[in-house]
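In: How does the following fold in three dimensions:
(2 chains)
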Number of protein chains: 2
Amino acid sequence: MTNTEPLVEVWRGPFCESLHHGHAVIWDAGGDIVAAWGDPEAVILPRSSCKMVQALPLVESGAAEAFGLTDAQLALACASHQGAHVHTDMVEAWLADLGLSQEALRCGPQMPNDRDARNELIRGYREPGQSHNNCSGKHSGFLTLGRHLGAGPEYVDTDHPVQLAVKAAFEEVTGEDSPGHGIDGCSAPNFACTMTGLARAMAGFAAATGDGDPRDQAQFRLTRAMAAYPHLVAGEGRACTILMRAMNGRASIKTGAEAVFVGILPEQKLGIAVKIEDGTTRGAEAVITQLLIGAGVLAADHPAAIRYRHGPILNRRGIETGAYRISDSLADWRL
Amino acid sequence: MTNTEPLVEVWRGPFCESLHHGHAVIWDAGGDIVAAWGDPEAVILPRSSCKMVQALPLVESGAAEAFGLTDAQLALACASHQGAHVHTDMVEAWLADLGLSQEALRCGPQMPNDRDARNELIRGYREPGQSHNNCSGKHSGFLTLGRHLGAGPEYVDTDHPVQLAVKAAFEEVTGEDSPGHGIDGCSAPNFACTMTGLARAMAGFAAATGDGDPRDQAQFRLTRAMAAYPHLVAGEGRACTILMRAMNGRASIKTGAEAVFVGILPEQKLGIAVKIEDGTTRGAEAVITQLLIGAGVLAADHPAAIRYRHGPILNRRGIETGAYRISDSLADWRL
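Out: Below is the predicted model:
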C-alpha cells in the first residue's frame, strides 16, 4: 500500500473529520489506461468484487448449461447478498437440485444483513445457516462446477479442481500471474492482482459480445445477469443494487470487502477498479459513484448518486451533521 | 488531515490488505510532549472520547453532589454504552430521580449494540428508545446540570448554559481556544481541538490528586469512576471495557467515533490521544493498546492486548485469515 491519493473527505460541520486515500484505475478494452488515481500497479486482494471472475469456469465449462442454471442463479453466483428470503430460498432450491443441503457449503454461517430475515431468526430463537452467508450463491456455483467436473466435496481447497479453474481464469482475465492468495471471509482462496489487472479484467467483461468463444459468451452472460437482477447481486438498501437500478442496466458493479469496488461498462467497453487503502466501504462507494457519473452512465442528480457521493450524513435524530466531498482530481474527471 | 503516519497494517495471508494512517500524542502533565506520531497540531473532533471533559461541569458545579450522583452514574455519564439493561435501567432510574422520562433526552433513539437487549426489543416487536442511545448517560448528566443551573430543556443548543459550561471546561483543559464544533451523533455540539490539546486534557485528568480545586477534584473523581466501572463505560465485548479490566484500574480509556481513543494514566501522569485518519475503529483500538503496553500499564501478553493489537482475524468458519501489524515506530516506543 503505497502512493495512494486522497479521494474522499468526510466532513462534520466545518471540519474534515476523516479522509480516505486509495487507488482507482479505468481501463479500456482496447488495452489502454484511460485514467488512474494512486498507484495502478498496487497489489490488492479483490475480495468479493471478483465474483464474476470466480463464476467464469461455471459458465465456460458448460456446467451452467448442463445444470440448466438461469440468469437469476448466475446473478446470485456473483452476489454478496443480504441473506433475505429472496436469496436464501434460491440458494436452498439450487442445492436441492444438486441433491445437496446447506451442509455441503463451506462458507460458514452468517447472520443475515436483511432486517426481516434477521428478525425472523431472532424471533424464532434460531441461528443463521450457511445459506444466509452472503457468499452462498458463489458457493452454490462452486458446488455445481465441482459436480460437473466430478471433483470432491472440499471445493475451497486451493488445489481443488474448482479453485484451480478459478485461478486460471483469474490470471487470464487480469493478464497477470497472481502473486498469491489470501483466505476470504467465506474460506475460498482470493487471488491477488494489481489494480490495473482488476480493471483490465472488468474491461474484458465490458467488451464481451456474446458471440465469441466460450470465455466471451460467459463474460457476456454474467455481465447481463448482474445488470438484470440488481436485487440478487446485493439486496435492498445496498449500494450495488441501488446504483445498478439507477443506471438501468448500463453498468454492472460489484463491491468487495475492505473497500474494493469494480464496474463493467459495456457501452464504453471500460472496466473500473477502486480500492480504498483503509478498507472503509463508504469511501469505495463514493469513488465508484463519482466514476460512474464521470463515465456518463449515472446521472449526477439521481438520488442514489447524491446519496453515495455526497450524503448528507445524518445523526440519530435525523439531523444533518456532515457530508462527503470527492477530491477535485476525481470530481473533475469526465470520459 | 495532513502529515499522518502509517500506524496499523491489516494483513490477509501474505498481503498487507489495508493500512491505517493516523496521529498519536503522549503528553506529560508537567507540560511536555513525551512522544508523537503524525502531526501533533492536527485539528480533530474528539467525539465521544472527551465525555469525561463534557462531564466536568456536572461535577465541579456541585450538581453531582447536590443530586447525590454515585460514581457508577458518573462512569455512565462518561460512557458510550451498549444499551444493555445494566445501562438503560440506570439511565431510566436517573431520569426518574429528576422527575423526567426518556422524552426529556435529546440524543435520539438507537438500536442497542448489546445482543440480549437488541433481541429482546426485536422479539417484543418494539423500537429502541432514547435511553438505548449510547450517549444517554452523558445526556442524563447534561439534564442534571441543566436542572442545577435552572436552565431550559433544550440542553444541546450551543448557547444553552450546559453547553457553554462544557465549552469553557473543554477550552481550559485542552489549553486552546476551540476553532469550532460539529454536531455529534447524539446532537450535542462536539468541540474541535488539536491532538496535543486532547492529550494535554487527558494528562490533566491523570495528574489530578483529588485534594485540589473543584476542577482537580472533578477530574480525580471522574477518572476513578471510569476505572472502577469498566462495564458501564462501554459494555461486554467492547475494547474500553475489556482493556480497562485488563489493566486493573491503572488507566482510564475512552473511545470516540471516527477512530479517536484517549488514555488517562494516573501513575505516570500521562495523557494519550489517538486519531486514525480514516475513522476506522480497529485502527484506533490497535494503537491505544500498543501505547498502553509501551507505557507499562498493560501486559503485552494479556489476551486483551494480543486481541486488539495483533488479532488473529478470523473468518465465518473461525479460520485465521490474517492479523494486524503495528508500525515499527509505534511498536518500538517504551516510556
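
In: What strands line up against the longest strand belonging to chain A, and which way round?
Out: Selection of the longest strand in chain A by residue count, based on DSSP state E, yields strand A:15-28. Under the criterion DSSP bridges, strand A:15-28 sits next to strand A:5-12 (antiparallel), strand A:33-37 (antiparallel), strand A:270-276 (antiparallel) in its sheet.

In: Mean neighbour count and mean pLDDT added to these, as JSON lines?
Out: All C-beta atoms are positioned from the backbone trio N, CA, C, and that covers glycine. Below are the strands paired with strand A:15-28 laid out as JSON lines (neighbours: other CB atoms under 10 Å in any protein chain shown; pLDDT from 0 to 100):
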{"stretch": "strand A:5-12", "mean neighbour count": "22", "mean pLDDT": "98"}
{"stretch": "strand A:33-37", "mean neighbour count": "19", "mean pLDDT": "98"}
{"stretch": "strand A:270-276", "mean neighbour count": "31", "mean pLDDT": "98"}
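
In: export those strands to TSV and tack on distance to residue A:231?
Out: Output for the strands paired with strand A:15-28, formatted as TSV (distance: least, CB to CB, whole Å):
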stretch	distance to residue A:231
strand A:5-12	26
strand A:33-37	30
strand A:270-276	22
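
In: Among those strands, which comes closest to residue B:18?
Out: Taking CB to CB, strand A:270-276 is the member of the strands paired with strand A:15-28 nearest to residue B:18, at 8.2 Å.

In: Just the C-alpha atoms of the next helix-or-strand element following that closest one, please, in PDB.
Out: Next along the chain after strand A:270-276, taking DSSP states H and E as the criterion, comes helix A:281-294. Presented in PDB, the C-alpha positions along helix A:281-294 are these (Å, rounded to 0.1, in the frame of the first residue of the first chain):
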ATOM      1  CA  THR A 281     -16.800   0.800   2.400                       C
ATOM      2  CA  ARG A 282     -18.200   4.400   2.400                       C
ATOM      3  CA  GLY A 283     -15.100   5.600   0.600                       C
ATOM      4  CA  ALA A 284     -15.300   2.900  -2.200                       C
ATOM      5  CA  GLU A 285     -19.000   3.600  -2.700                       C
ATOM      6  CA  ALA A 286     -18.300   7.400  -3.100                       C
ATOM      7  CA  VAL A 287     -15.500   6.800  -5.500                       C
ATOM      8  CA  ILE A 288     -17.300   4.300  -7.800                       C
ATOM      9  CA  THR A 289     -20.300   6.600  -7.800                       C
ATOM     10  CA  GLN A 290     -18.200   9.500  -8.900                       C
ATOM     11  CA  LEU A 291     -16.500   7.500 -11.700                       C
ATOM     12  CA  LEU A 292     -19.900   6.100 -13.000                       C
ATOM     13  CA  ILE A 293     -21.000   9.700 -13.200                       C
ATOM     14  CA  GLY A 294     -17.800  10.800 -14.900                       C
END
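
In: For helix A:281-294, give me every contacting residue.
Out: A:7-8, A:10, A:20, A:22, A:24, A:26, A:239, A:243, A:247, A:251, A:253, A:255, A:259-263, A:265, A:272, A:274-276, A:298-300, A:304-305, A:308-309, A:324, A:326, A:330-331, A:333-335, B:278 (CB atoms under 8 Å, 6 or more residues apart in numbering or on different chains).

In: Check which element follows that helix along the chain.
Out: Sequence-wise, the next helix or strand downstream of helix A:281-294 (DSSP H and E) is helix A:303-309.

In: Contacts for that following helix next, please.
Out: Residues from elsewhere that reach helix A:303-309 (CB under 8 Å, 6+ apart): A:239, A:242-243, A:245-246, A:285-286, A:288-290, A:292-293, A:298-300, A:324, A:326.

In: Same check on stretch A:223-242?
Out: Stretch A:223-242 is touched from outside by A:52, A:71-72, A:74-76, A:78-84, A:86-87, A:90, A:113-114, A:137, A:205-206, A:208, A:244-245, A:249-255, A:264, A:266, A:281, A:285, A:288-289, A:304, A:307-308, with contacts defined as CB under 8 Å, 6+ apart.

In: can you list the residues of the stretch 1-150 of chain A near chain B?
Out: Remark: the part of the stretch 1-150 of chain A in contact with chain B comprises A:1, A:9-10, A:12-21, A:43-45, A:106-110, A:119, A:122-123, A:133, using CB under 8 Å from any CB of the partner chain.

In: where are the low-confidence patches of chain A?
Out: Residues of chain A that meet the criterion pLDDT under 70 lie in A:1-2.

In: hmm, 50 instead?
Out: The model of chain A has no residue with pLDDT under 50.

In: would you list every one of the strands in it?
Out: A:5-12, A:15-28, A:33-37, A:43-44, A:181-183, A:189-191, A:193-194, A:252-256, A:260-265, A:270-276, A:313-314, A:320-326.

In: Save those strands as CSV, and put in distance to residue A:171 too.
Out: Compiled in CSV, the strands of chain A are given as follows (distance: least, CB to CB, whole Å):
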stretch, distance to residue A:171
strand A:5-12, 27
strand A:15-28, 16
strand A:33-37, 20
strand A:43-44, 14
strand A:181-183, 11
strand A:189-191, 8
strand A:193-194, 8
strand A:252-256, 18
strand A:260-265, 17
strand A:270-276, 16
strand A:313-314, 40
strand A:320-326, 33
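
In: So how do I select the buried members of the residues of the stretch 1-150 of chain A next to chain B in ChimeraX?
Out: Provided next is the ChimeraX selection string for whichever of these are buried by 16 or more other CB atoms under 10 Å in any protein chain shown:
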select /A:1,9,10,12,13,15,16,17,18,19,20,21,43,44,45,106,107,108,109,110,119,122,133
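
In: for stretch A:231-238, how far is the first residue from the last?
Out: One end of stretch A:231-238 to the other measures 9 Å (CA to CA, to the nearest Å).

In: Up against chain B, what does the stretch 151-300 of chain A have?
Out: Counting by CB under 8 Å from any CB, the stretch 151-300 of chain A sits next to chain B at A:180-187, A:190, A:192, A:258-259, A:276-280, A:283.

In: out of those, which are buried?
Out: The neighbour count (16+ other CB under 10 Å) marks A:181-187, A:190, A:192, A:258-259, A:276-280, A:283 as buried among these.

In: what residues are up against residue A:203?
Out: By CB under 8 Å, 6+ apart, the residues touching residue A:203 are A:27-29, A:269-271.

In: Quick check: it vs residue B:291, distance?
Out: 45 Å (CB to CB, to the nearest Å).

In: Which among the contacts of stretch A:223-242 count as buried?
Out: A:52, A:71-72, A:74-76, A:78-84, A:86-87, A:90, A:113-114, A:137, A:205-206, A:208, A:244, A:250-255, A:264, A:266, A:281, A:285, A:288-289, A:304, A:307-308.

In: picking up where we left off before, okay, among the contacts of residue A:203, which ones form the most distant pair?
Out: Farthest pair in the contacts of residue A:203 (CB to CB) is A:27 and A:269. Separation: 9.7 Å.

In: Tell me which of those two has more neighbours.
Out: Counting neighbours by other CB atoms under 10 Å in any protein chain shown for residue A:27 and for residue A:269 shows that residue A:27 has the greater number, 29 against 17.
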